[in-house]
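Enquirer: Return a 3D structure for these sequence lines:
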Amino acid sequence: MRQRQAGTETATGYDDSGGRLWRVARQLPAVLFALGIVLELATPRDVAISAPFAAAPLAAAAVLSLWGTVLTSVLSSGATILFAFFHDTGSTVEAEARSVTNLTVSVLAVGVNYVLRRSGSRLASARGVAEAVQLAVLPAPPSHVGDLAVATRYRAAQAETRVGGDFYAAEETPYGVRLLLGDVRGKGLDSVAAVVLLVGVFREAAEQEETLSDVAVRLDRALRREGRRQPGTAGLEGFSTAVLVEISGPSGSPAASCSTAPAASGSTAGGGPARGGGSVLRLVNRGHPAPLLLHQGNASLLEPTVPALPLGMSDLGAWPEHIDEFPFPRGAQLLLYTDGLSEARDSAGDFYDPVERLSNSYFAHPEELLETVLIDVAAHTGGRSVDDLALLAVAHDSSTP
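Expert: Presented below is the predicted three-dimensional model:
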């Protein structure tokens, strides 16, 4: 369980101010109706106050259902007629004019509400289709891959947006459990094709390629090949940051893969699994934020020894893929994330620092880690978000010996 709270704020997700504002707005028709009655009774009988009664149906058209708008229109028109003929002392012509005006506004309000509801249904349908596309493009990995527990989260910058350029995947392979998380340049449908391509190529290459560097080469080649098919400068501007992970050893998958990649500077000696029944983490980072390793209350970034360009940009320069190795002991958790986390800012413009915010913290499961991160980053930003956020966390399954 977590030992230190990430903050005293009680934020539970992304910005909820829109929901609170909507709940307040739904009370406006009733407030206007009540205000009209109070003003009519509080002013002299020769002063006619009909504006609140006329405004109530229009407000209802914007925030209530069709039947709610009809009910508000009937009550407002009825109140206008009753006050005009049985309370106010004005002329009959003036009373009739106010009544006809209110009835006309009420009919228009019902018509406006009908049009808005139809448009809203179409928009909801479009959002549903976009969400289905997102789920088809980016299905959540299973909760267990090999002997590892896995959790993922995806949060769009705006609640209405379902399709983005962040992606992740997890595969159990003959060489260990392999993970991918990245961020395609661009947003919306323009990025969907690249996400589909990269996730599909990764699933195939992860099974076939002996080393993680070869998997990265396959991804880069596929993205550049797709870019050449794009018209104009679109292909030249297409790229994706990504981090590829391989976990092998006693709790990752076959230990035979421990000798398939060269050891990097700062890696475990000989590339073997960490002592204490752990595994080996192999990383290839292509211009992506460094993963975060959490173990025994310590949080550390697994920075690449040799920086590399994002996928799809190898035409600018070619060099051998570098594989970094780190121990992954039992009880540790690995967090992969996109820049929606590391570039999240508070009101003072300070970036979210996952090392600082998650140090001295303990989590029983990757699901708990991700839920805590989402709550904490929302508290840090005050609920505001300007970029999509994808998270993938993995740990040794505590239920396995």
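
Enquirer: burial measure for the closest residue in space to Gly36 that isn't next to it in sequence, as a count.
Expert: With sequence-adjacent residues excluded and distances taken as Cβ to Cβ, 6 or more residues apart in numbering, Gly36 is closest to Pro52, at 3.4 Å. (Glycine included, C-beta is placed from N, CA and C.) Residue crowding around Pro52 was assessed by other Cβ atoms under 10 Å; the count is 21.

Enquirer: middle-most residue in this structure, spatially?
Expert: Among the residues of the chain, Arg155 comes closest to the average C-alpha position under Cα atoms, centre = their mean, at 0.8 Å.

Enquirer: Now that residue: closest residue in space that isn't a chain neighbour?
Expert: Across the structure, with Cβ to Cβ, 6+ apart as the measure, the residue nearest Arg155 apart from its sequence neighbours is Leu389 (4.5 Å).

Enquirer: for the one you found, phi and psi?
Expert: According to degrees, to the nearest 10, the main-chain angles of Leu389 amount to phi -140, psi 120.

Enquirer: how about the helices in the protein?
Expert: Under the criterion DSSP state H, the chain contains helices at 17-25, 28-42, 51-63, 66-86, 92-137, 189-208, 212-229, 339-342, 354-358, 366-381.

Enquirer: Ranking those by mean neighbour count, which comes first?
Expert: When you average the neighbours per residue for each of these (mean count of other Cβ atoms under 10 Å), helix 51-63 leads with a mean of 23.

Enquirer: and the angle from that helix to helix 66-86?
Expert: Relative orientation of helix 51-63 versus helix 66-86 (axes from the mean of the first three to the mean of the last three Cα atoms, to 10 degrees): 170 degrees.

Enquirer: Specify the angle between helix 51-63 and helix 28-42 in degrees.
Expert: 170 degrees.

Enquirer: Counting by contacts, list what helix 51-63 packs against.
Expert: In terms of contact count using 3 or more Cβ pairs under 8 Å, 6 or more residues apart in numbering; DSSP states H and E, helix 51-63 is assigned the packing partners helix 17-25, helix 28-42, helix 66-86, helix 92-137.

Enquirer: CSV please, covering the ones you listed and showing distance to Gly227 and mean pLDDT.
Expert: Listed next are the helices and strands packed on helix 51-63 as CSV, based on distance: least, Cβ to Cβ, whole Å; pLDDT from 0 to 100:
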stretch, distance to Gly227, mean pLDDT
helix 17-25, 38, 70
helix 28-42, 51, 83
helix 66-86, 49, 84
helix 92-137, 19, 73
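
Enquirer: Switch those over to CSV; also include distance to His144.
Expert: Putting those into CSV (distance: least, Cβ to Cβ, whole Å) gives the following:
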stretch, distance to His144
helix 17-25, 35
helix 28-42, 50
helix 66-86, 47
helix 92-137, 20
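
Enquirer: Ser191 contacts Leu138, correct?
Expert: No: under the criterion of Cβ atoms under 8 Å, Ser191 is not in contact with Leu138, lying 11.1 Å apart.

Enquirer: mind exporting stretch 174-189 as PDB, just the C-alpha atoms?
Expert: Output of stretch 174-189 as PDB, limited to C-alpha atoms (Å, rounded to 0.1, in the frame of the first residue of the first chain):
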ATOM      1  CA  PRO A 174      10.100 -16.500 -26.700                       C
ATOM      2  CA  TYR A 175      12.600 -13.900 -25.600                       C
ATOM      3  CA  GLY A 176      10.700 -12.500 -22.600                       C
ATOM      4  CA  VAL A 177       7.900 -10.100 -22.000                       C
ATOM      5  CA  ARG A 178       8.200  -7.200 -24.400                       C
ATOM      6  CA  LEU A 179       6.500  -3.800 -23.900                       C
ATOM      7  CA  LEU A 180       6.000  -0.800 -26.100                       C
ATOM      8  CA  LEU A 181       4.800   2.700 -25.200                       C
ATOM      9  CA  GLY A 182       5.000   5.700 -27.500                       C
ATOM     10  CA  ASP A 183       3.600   8.900 -28.800                       C
ATOM     11  CA  VAL A 184       2.900   9.600 -32.500                       C
ATOM     12  CA  ARG A 185       3.300  13.100 -33.800                       C
ATOM     13  CA  GLY A 186      -0.200  14.600 -34.400                       C
ATOM     14  CA  LYS A 187      -3.600  14.200 -33.000                       C
ATOM     15  CA  GLY A 188      -7.000  12.800 -33.900                       C
ATOM     16  CA  LEU A 189      -7.600  10.600 -37.000                       C
END
